[in-house]
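Colleague: A structural model of the following input is requested.
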Amino acid sequence: MGLLEKQNFSPPLAERVRPKNLEEFVGQEHLLAKDKPLRKLLAKKEIHSSIFWGPPGTGKTTLAKIIADITDANFVTFSAVNTTINEVKKAIKLAERDLKYHKKRTVIFIDEIHHFNKIQQDALLPYVEKGKIILIGATTENPSFEIIPPLLSRLKVYVLKPLTIDEIKRILKRAVTHPNGLKDYNLEISEEVLDYIANISNGDARTALNILELATLSKEKDENGKIKITIEDISSLLERKVLVFDKKGEEFYNLISALIKSIRGSAPDASLYWLARMLEAGCDPLYIARRLVILASEDIGNADPMALVIANAAKDACDFVGMPECALALAQACIYLSLAPKSNSVYLAYENAKKDALNTYNEPVPLHLRNPVTKFMEKIGYGKDYKYPHNYPEGKIEQDYLPPKLKGKKYYFPTDRGYEGKYYKK
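Modeller: Numbers count the residues shown, from 1 in each chain. Have a look, this model is predicted:
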């Protein structure tokens with residue numbers, strides 16, 4: 001039997017290697033680390049009706065099933081896309097019977113719950129309110145907008161994050177060696193290829209596993225009985241041009257350097273080109289976003305304070321929507337930062353202040369700048385002679401704010417450009 005014939009009798013790889021317990025589950029450490037509230041609840045075999053909100057392929061369905069197993073509950077699953085509320089009500093009646101006669105709870109999992117309309121969601125409310133069922137709804141949409149307030153107020157919302165590159169790679173490696181996965185195919189796959197698949201999967205484990213499975217099934221074994229997967233194989237399958245680089249190699253740093261220098265040099269077209277080179281090669285968009293946030297303060301600063309806002313908004317967009325859509329947010333940020341007036345005054349100011357801080361770390365805070373929280377503090381001089389700026393014209397008054405050793409020291413020297421030139425030079 002050939003590989004493709006064998007596959008026809010099997011569920012998809014993602015289903016075959018689906019984790020069965022928390023030890024096998026990868027990702028969502030902010031929810032499942034041993035000191036986190038959800039993990040503590042599960043340790044007590046407790047659970048409440050919830051919403052799992054997050055992008056595709058982050059483990060919403062898998063986690064719901066694991067929770068049902070841990071809490072010794074029945075597990076019934078529906079997709080809101082093709083399920084009627086009457087079908088759900090039939091399951092609820094069975095759940096009520098099991099609870100009444102067998103003291104066994106039932107987790108009713110509704111995938112894509114945002115596809116249920118208001119009337120359908122209303123129908124769930126009394127059963128959730130009375131604790132007849134444990135409802136877990138999965139959604140990729142903001143529950144504040146998609147779930148009716150009366151139901152949402154009775155659900156705990158857990159936000160699931162896109163998986164990291166390393167987490168995706170862990171899942172892929174497990175699939176390669178898993179008895180129900182690809183172990184029998186004798187795969188040969190390098191770290192570079194795993195990196196590539198993880199990068200282009202955009203935090204979606206299901207997508208990554210589908211790519212790996214498709215690549216495996218499309219190749220024949222070599223003379224040594226192995227199936228070797230290359231980046232070119234993946235690229236060909238996805239009809240995606242290979243613009244790959246080693247994320248720890250020189251070319252990676254050359255590209256990010258070119259991007260940053262283009263923005264610093266006020267060259268929007270060049271910045272867009274280098275941005276596209278990096279994203280299309282599979283660079284993590286969050287890495288680029290973090291560099292843009294740094295650049296906004298380091299190379300623009302108060303010449304245009306909105307630069308930091310725009311860069312941070314682009315970073316949030318990468319978190320929220322992922323690739324490929326977040327490429328537009330990054331492009332918008334690159335254009336804005338390129339066209340913004342430039343100043344490194346903030347960077348130089350902090351570097352000089354840091355140098356003095358390290359050399360004078362034992363200097364005490366002047367008494368007039370200390371807050372007299374108690375009567376005793378006031379008695380020994382805390383806050384004495386402090387001049388409250390709002391009591392003076394224009395809301396400011398000359399007084400010493402630095403330690404005596406640094407009296408008169410200046411760190412911030414604004415430029416004549418942009419907002420700095422207009423306001424800070426006064």
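
Colleague: tally of neighbours for residue 155?
Modeller: 19 (other CB atoms under 10 Å). Yep, even glycine has a C-beta here, placed from its N, CA and C like the rest.

Colleague: looking at it now. What's its pLDDT?
Modeller: Note on residue 155: pLDDT of 94.

Colleague: how about residue 1?
Modeller: Listed pLDDT for residue 1 reads 41.

Colleague: and residue 208, by the same measure?
Modeller: pLDDT, residue 208: 93.

Colleague: residue 233 too?
Modeller: pLDDT recorded at residue 233 is 87.

Colleague: next: residue 144.
Modeller: According to the prediction, residue 144 has pLDDT 88.

Colleague: same check, this time on the one 5 residues further on
Modeller: At residue 149, the model reports a pLDDT of 92.

Colleague: what about the residue most central in space within the chain, distance to residue 394?
Modeller: By CA atoms, centre = their mean, the mean C-alpha position of the chain lies nearest to residue 319, the distance being 4.3 Å. Look at residue 319 and residue 394: by CB to CB, to the nearest Å, they are 41 Å apart.

Colleague: ok, back up a step: in which helix or strand would I find the residue nearest to the centre of the chain?
Modeller: Element membership for residue 319 (DSSP states H and E) is helix 306-321.

Colleague: same deal with residue 52?
Modeller: Here residue 52 is assigned to strand 50-53, by DSSP H and E.

Colleague: then that strand to PDB, C-alphas only?
Modeller: In PDB, the C-alpha atoms belonging to strand 50-53 read as follows (Å, rounded to 0.1, in the frame of the first residue of the first chain):
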ATOM      1  CA  SER A  50     -16.000  29.500  29.600                       C
ATOM      2  CA  ILE A  51     -15.100  31.100  26.300                       C
ATOM      3  CA  PHE A  52     -11.900  30.200  24.600                       C
ATOM      4  CA  TRP A  53     -11.000  33.200  22.500                       C
END
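
Colleague: mind listing what's buried along the helix or strand following that strand?
Modeller: Counting by DSSP H and E, the next helix or strand C-terminal to strand 50-53 is helix 60-70. Residues of helix 60-70 classed as buried by neighbour count (16 or more other CB atoms under 10 Å): 60-68, 70.

Colleague: could you find the closest non-adjacent residue to residue 325?
Modeller: Once flanking residues are discounted, residue 325 sits nearest to residue 317: 8.0 Å by CB to CB, 6 or more residues apart in numbering.

Colleague: please tell me how far that neighbour sits from residue 288.
Modeller: Residue 317 sits 12 Å away from residue 288 when distances are taken as CB to CB.

Colleague: more neighbours, the two?
Modeller: Ranked by neighbour count (other CB under 10 Å), residue 317 and residue 288 place residue 288 first, with 26 against 20.

Colleague: quick one, what contacts that one?
Modeller: By CB atoms under 8 Å, 6 or more residues apart in numbering, residue 288 lies in contact with 256, 259, 275, 278-279, 330.

Colleague: now, which of those residues sits nearest residue 363?
Modeller: Nearest to residue 363, judged by CB to CB, of those is residue 256 at 38.8 Å.

Colleague: which of the helices or strands spans the closest one?
Modeller: Assessed by DSSP H and E, residue 256 sits inside helix 250-264.

Colleague: moving C-terminal of that helix, what's the next helix or strand?
Modeller: Sequence order places helix 268-280 as the next helix or strand after helix 250-264, per DSSP H and E.

Colleague: other residues contacting that next one?
Modeller: Contact with helix 268-280 is made by 241, 243, 255-256, 258-259, 262-263, 285, 288, 323, 327, 330-331, 334-335, 337-339, as judged by CB under 8 Å, 6+ apart.

Colleague: pull the distance from that helix to the chain's centre.
Modeller: On the basis of CA atoms, centre = their mean, to the nearest Å, helix 268-280 sits 22 Å off its chain's mean C-alpha point.

Colleague: and if you look at stretch 20-38?
Modeller: Distance, stretch centre to chain centre, for stretch 20-38: 16 Å (CA atoms, centre = their mean).

Colleague: stretch 28-46 too?
Modeller: Put simply, stretch 28-46 sits 19 Å off its chain's centre (CA atoms, centre = their mean).

Colleague: what about it, average pLDDT?
Modeller: Mean predicted confidence for stretch 28-46 is 91.

Colleague: before we move on, what about stretch 182-198?
Modeller: For stretch 182-198, mean pLDDT is 90.
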